[in-house]
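S.K.: Mind looking at a prediction? Sequence and model below.
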Amino acid sequence: MDTAPEHEPLELRVELHPFLVGLRSHHIRLLADCAMAKHFEAGEYLFRQGEFANRFYLIEQGKVVLEALDNAGTTVVIEEVGAGKLVGWSWLFPPYIWHFDARAVEPTSALFFYGTILREYCAKDPSLGFELFKRMSQVMVERLQSARARLLSSHSNRGKAKSSAKQRQ
C-alpha cells in the first residue's frame, strides 16, 4: 500500500502535519479550505527575498534551504528545513515581504496555504489566529536560537583560527 502523503485527502494531510497536530477540527477545515498541495523540484524557489509574502508552506517530504545574500553578494544558507516543518511566516507581519529566499534542494512536497485568506479567517476567529501565532512563534524562537548557536560557533572558530595564526608567527 502506498502511504505517500500526496495520495491522502488534503484535509487529512493538513490534520496530520506535525505543525498542526492537535488543532480543533473546525480550524483544520478552515486551514484545508485555503490550502493546496505543491511539489518543487530541486533548485526551484518557493519564494524570493523582497517578493510579496502571501503564503506559507508546511513541508511533507524533501528539504528546503533558507538563504540570504551577505554583504559581498554571496548566497549564505541560513537554515535547512525538512519534513514536518514550516517555511514562511512573513505573511503574518506587515509589510508582508519575504526576508530570505526559500529553495528546494531536493524534490519536495509541501502544503501551500494562502496567507491572505488565512489572515481573514484569523480576524474572524481569533482562536485560530492565536493557535497559529503560538505555533509560528515557537518556530521563530527555535530558528533564532539555532542562528545564535551558529553565530557563536562561527565567532569561536574565527578566534581559534586567529590564535593559531599568531602561534605560527
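M.R.: Okay, I see it.
S.K.: Output the longest helix belonging to the protein.
M.R.: Longest helix of the chain, by residue count under DSSP state H: helix 126-168.
S.K.: quick one: contacts for residue 54?
M.R.: Counting by C-beta atoms under 8 Å, 6 or more residues apart in numbering, residue 54 touches 91, 96, 114, 115, 116. No exception for glycine: its C-beta is placed from N, CA and C like everyone else's.
S.K.: Give me the buried entries from those.
M.R.: Among the contacts of residue 54, those classed as buried by 16 or more other C-beta atoms under 10 Å are 91, 114, 115.
S.K.: Not counting sequence-adjacent ones, nearest residue to residue 39?
M.R.: Spatial nearest neighbour of residue 39, excluding adjacent residues (C-beta to C-beta, 6 or more residues apart in numbering): residue 109 at 5.5 Å.
S.K.: Could you check the pLDDT of that neighbour?
M.R.: Predicted confidence (pLDDT) at residue 109: the value is 97.
S.K.: And the one 5 residues further on, by the same measure?
M.R.: Model confidence at residue 114, given as pLDDT, is 96.
S.K.: likewise residue 129?
M.R.: Value for residue 129, per-residue pLDDT: 94.
S.K.: okay but it is in contact with residue 120, surely?
M.R.: No. Counting by C-beta atoms under 8 Å, residue 129 does not reach residue 120; the two are 10.4 Å apart.
S.K.: Quick check: phi and psi on the residue nearest the centre of the chain?
M.R.: The chain has residue 87 as the residue nearest its centroid, 1.3 Å off, counting by C-alpha atoms, centre = their mean. With angles defined as degrees, to the nearest 10, residue 87 sits at phi -130, psi 120.
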